[in-house]
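[1] Quick check, what structure comes out for this input:
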Amino acid sequence: MGDSKVKVAVRVRPMNRRELDLHTKCVLDVEANKVILHPLNTNLSKGDAR
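    This is a model prediction of the structure:
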């Protein structure tokens, strides 16, 4: 099992008009071969995904 390799593909779609209008912040950055996740804001308002 030490010789196994895992490849992960990450695809980030452009923000849609609603997300842009709400000034939604992207929680993911891709730099070279690294994916950086930023913490979510814990103050969710009504209608946000939970």
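[2] where does the chain have low pLDDT?
    Applying pLDDT under 70 to the chain flags the ranges 1, 41-50.
[3] Who is the spatially most central residue of the chain paired with across the strands?
    Nearest to the geometric centre of the chain sits residue 28, at 3.7 Å (C-alpha atoms, centre = their mean). Per DSSP bridges, residues listed as beta-bridge partners of residue 28: residue 37.
[4] Hmm, it is touching residue 38, no?
    Yes - the pair formed by residue 28 and residue 38 meets the contact definition of C-beta atoms under 8 Å, at 7.2 Å. No exception for glycine: its C-beta is placed from N, CA and C like everyone else's.
[5] what about the helices in this protein?
    17-21 (DSSP state H).
[6] that older thread, next one: the residue nearest to the centre of the chain relative to residue 7, how far apart?
    18 Å (C-beta to C-beta, to the nearest Å).
[7] Kindly report the same for residue 26.
    Going from residue 26 to residue 7 by C-beta to C-beta gives 23 Å.
[8] who's more crowded, the two?
    Taking other C-beta atoms under 10 Å, residue 26 and residue 7 do not tie; residue 26 has more neighbours (10 against 4).
[9] which residues touch stretch 28-36?
    8, 10, 12, 37, 38 (C-beta atoms under 8 Å, 6 or more residues apart in numbering).
[10] Leaving out sequence neighbours, find the closest residue to the last one.
    Looking back up the chat, that one is residue 38. Distance criterion C-beta to C-beta, 6 or more residues apart in numbering; nearest residue to residue 38, sequence neighbours excluded, is residue 27 at 4.8 Å.
[11] number of nearby residues for that neighbour?
    11.
[12] thought it was touching residue 12?
    No - counting by C-beta under 8 Å, residue 27 sits too far from residue 12 to count as a contact (10.1 Å).
[13] Spit out the contact partners of residue 10.
    Contacts of residue 10 (C-beta under 8 Å, 6+ apart): 28, 30, 35.
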